[in-house]
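Student: Dropping a prediction and its sequence here:
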Amino acid sequence: MLRCGISAVAMTALLGTAAPAFAAAPQGRPEPVPPAAPASVVPPTAEPDGSVPLATAVPEADAGSPAPATVDPGAGPERLPDAPAERAIAEEGPIPDPCEDARTRTPSWSRELWIDRFEKQLRASGCRSALWIDRLFGPPEDLGEYREVSGNVATSLLWSEYDGFDPRVRFRVNLPLPRTNERVRAFIGRTDRDEFVTERGETIGFVPRQFGTIGEEQTLLGLGYRPPSADDGSGFDFSTGVRARFPLDPFVKASYRMAWFDGERSAVLFKPTVFWQQSEQFGLTTRIDVPHVFTPDWLALLTASATWSERSQGARGYVNATVFRTLGRHGAAALQVGAEGEADAEVPVREWGVRALWRRNVWRDWLALELRTSLTWPRERRDEPREPSWGAGVGFELVFGEGSFRGM
C-alpha cells in the first residue's frame, strides 16, 4: 500500500518597517518676533496699481554680531518638527539599522557563493523582525542584541515502499526580544505540530523521523520563556502559540527538565510536559533520555516517550536505542532500532524497524547534508499483513545566526 503526499511550503519573513507619523505643518504665516534693537525701515515705493510692497525691517546689529536672516515674502511657512518621533529624528538623527552591517560568513579560503548571501539575508530578515516586534513594547536600547537571531532551514525528500515519496521543508527562527525580557523569545517555525506541542520530536538529525506516522507539517507562531536554570541544567520552559492559518488551534505548554549524572559518562534526563491544545485538549508527555559515553567517538542513547491526551486512544509513544559514531570534526553516523504505537489502537504496535544515518557538513560549517536508509515493518489494520518496507531519505540543513554544524 503506497501513499504519496506532496506538500507545498511558503516561508514568510516578518520584516518590520515602522515609519514615524508626521504631524501637519502649521498653517499661515508665523507671527513676527519684535526686534530687540531699533530698526531702520526702507521707505516703501508705490506700485502702479497703488499697492505697497511689504517693507523689510533690518535690525541694527551691534558690531561683531551676525547679520539676521531675512524672510522671503514668497516662501511658505517654515516646516517645524512638532511630532515627538520627528523631533527625535531632527535632534538625534534616524535610528540606525542594526541589521545592515550583517556580513556573509564566507570562509577566507572560498569566494562568496549564493548560499552565503542567502544565509546573510535570513539573518538580516530575522534581525529586522525581532526589532519590529520589540519596538511595540518601547524604544530599543542595545541594538546589537537583535543580531543574536538564530534558526535553521531544512529540506528533505523521504521515500518508503509503504508510504511512497514525501517531500518536506522545515524551518525555525528564534527572535530575541531584549526590550520585553532577555529570557523571552518569539519563534516562527514549520514542523509537525503534534511533535512540537507534545515534545515527541526527532532524537537524531533533522530529517523527519521514519518510525510511525509522519504528521501534517504546519507553520506555528508563538512566544517562549525560559527562567534561569540550576547548575545541573534543570529548570522550566514555557511556550504558547498558534498555527498560522484558520482555525488557529492555540496551544500552551510547560515543561520541567531534570538531570541526574553518574560520573562524567552517564546521565538520566527526565522531561515531563503538561500541555493544552484546542484539538487535543489537556495532555501530558513524559520523556526519558539515558545517554552514555563509551569513548570520545562513541555514544549510546536510549529514548522513551509516552503521551496521554483527552483525544488520544490511550497512551501513544515510541522507544529508540541509538549508537553514534563521530567521523572527525565535520561528520557523524548513527544506527538506530525503534518502535512506535498507540495502546488502544486497532494495531497497538504500528511500526518497528532499524535505520542507518550519515551526516556531514558540506561547503560551509553551517550547512549539513544528511543521508539515511531504513528497513521497517509497518501495519495499521488487523487484516493487513506486516511486511518489510525499505526506505531512504536525503536532506540539507542550513543553520543561520551564530550556529554552526551541530553533529547529531
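Tutor: Cool, got the structure.

Student: Tell me which residues touch residue 318, please.
Tutor: By C-beta atoms under 8 Å, 6 or more residues apart in numbering, the contact set of residue 318 is 200, 211-212, 303-305, 338-341. C-beta coordinates here come from the backbone N, C-alpha and C atoms, glycine included.

Student: got any ranges where the stretch 301-408 of the chain has weak pLDDT?
Tutor: 402-408 (pLDDT under 70).

Student: Of the contacts of residue 318, which pair is most distant in space?
Tutor: Every pair in the contacts of residue 318 was compared (C-beta to C-beta); the two farthest apart turn out to be 303 and 341, at 15.1 Å.

Student: Now do the residue nearest to residue 324 when sequence neighbours are not counted against residue 257, distance only.
Tutor: Leaving aside its chain neighbours, residue 324 sits nearest to residue 299 (4.3 Å; criterion: C-beta to C-beta, 6 or more residues apart in numbering). Distance of residue 299 to residue 257, computed by C-beta to C-beta, to the nearest Å: 20 Å.

Student: Also residue 156?
Tutor: Where residue 257 is concerned, residue 156 sits at a distance of 28 Å (C-beta to C-beta).

Student: repeat for residue 300
Tutor: 21 Å.

Student: Looking at the two, which has the bigger crowd around it?
Tutor: residue 257 (18 against 14; other C-beta atoms under 10 Å).

Student: which parts of the one helix or strand that one maps to are buried?
Tutor: Element membership for residue 257 (DSSP states H and E) is strand 251-262. The neighbour-count check on strand 251-262 (16 or more other C-beta atoms under 10 Å) flags 251, 253, 255, 257, 259 as buried.

Student: Need those residues in JSON lines (columns: distance to residue 391 and pLDDT).
Tutor: Formatted as JSON lines, the buried residues of strand 251-262 follow (distance: C-beta to C-beta, whole Å; pLDDT from 0 to 100):
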{"residue": "251", "distance to residue 391": "30", "pLDDT": "94"}
{"residue": "253", "distance to residue 391": "31", "pLDDT": "95"}
{"residue": "255", "distance to residue 391": "31", "pLDDT": "95"}
{"residue": "257", "distance to residue 391": "32", "pLDDT": "93"}
{"residue": "259", "distance to residue 391": "34", "pLDDT": "93"}
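
Student: Pick the one among those closest to residue 286.
Tutor: Distance to residue 286 across the buried residues of strand 251-262 (C-beta to C-beta) is lowest for residue 255, with 10.4 Å.

Student: Out of the helices and strands in the chain, which is least certain?
Tutor: strand 39-41 (a mean of 41; mean pLDDT, DSSP states H and E).

Student: Can you classify residue 194 by secondary structure?
Tutor: helix (DSSP: H, G, I helix; E, B strand; the rest coil).

Student: Wait, it touches residue 200, no?
Tutor: Yes: Residue 194 is in contact with residue 200 according to C-beta atoms under 8 Å; the separation is 7.1 Å.

Student: Just the element for the nearest residue to residue 345 once chain neighbours are set aside, please.
Tutor: Of all residues not flanking residue 345 in the chain, residue 313 sits nearest, at 5.2 Å (C-beta to C-beta, 6+ apart). When elements are assigned from DSSP H and E, residue 313 belongs to no helix and no strand.

Student: pLDDT score for residue 48?
Tutor: We note a pLDDT of 48 for residue 48 in this prediction.

Student: Also residue 163?
Tutor: Taking residue 163 on its own, its pLDDT is 90.

Student: and if you look at the one 4 residues further on?
Tutor: In this prediction, residue 167 carries a pLDDT score of 92.

Student: so how far is residue 350 from it?
Tutor: 22 Å.

Student: More neighbours: the two, which one.
Tutor: Remark: of residue 167 and residue 350, residue 350 carries more neighbours, 21 against 16, as counted by other C-beta under 10 Å.

Student: Can you list the buried residues in the helix or strand that contains that one?
Tutor: Per DSSP H and E, residue 350 falls inside strand 349-361. Under the neighbour-count criterion of 16+ other C-beta under 10 Å, strand 349-361 has 350-353, 355, 357-361 buried.

Student: Which member of the residues you listed is positioned nearest residue 186?
Tutor: Of the buried residues of strand 349-361, the one sitting nearest to residue 186 (C-beta to C-beta) turns out to be residue 361, at 28.1 Å.

Student: how much space is there between that closest one and residue 328?
Tutor: 10 Å.

Student: what's in contact with the longest strand along the chain?
Tutor: Using DSSP state E, we find that the single longest strand of the chain is strand 281-295. Strand 281-295 has contacts (C-beta under 8 Å, 6+ apart) with 198-200, 203, 264-277, 299-312.

Student: for the strand holding residue 257, packing partners?
Tutor: helix 193-198, strand 235-243, strand 266-277 (3 or more C-beta pairs under 8 Å, 6 or more residues apart in numbering; DSSP states H and E).

Student: Who are the packing partners of the longest one?
Tutor: By that I understand strand 266-277. So strand 266-277, by 3+ C-beta pairs under 8 Å, 6+ apart, packs with helix 193-198, strand 251-262, strand 281-295.

Student: ok, back up a step: between the buried residues of strand 349-361, which sits nearest residue 120?
Tutor: Closest approach to residue 120 among the buried residues of strand 349-361 (C-beta to C-beta): residue 361, at 18.0 Å.

Student: Need the three-state assignment for the residue lying closest to residue 242 once chain neighbours are set aside.
Tutor: Excluding the flanking residues, the one nearest residue 242 by C-beta to C-beta, 6+ apart is residue 248, at 4.1 Å. Secondary structure, three-state DSSP: residue 248 is coil.
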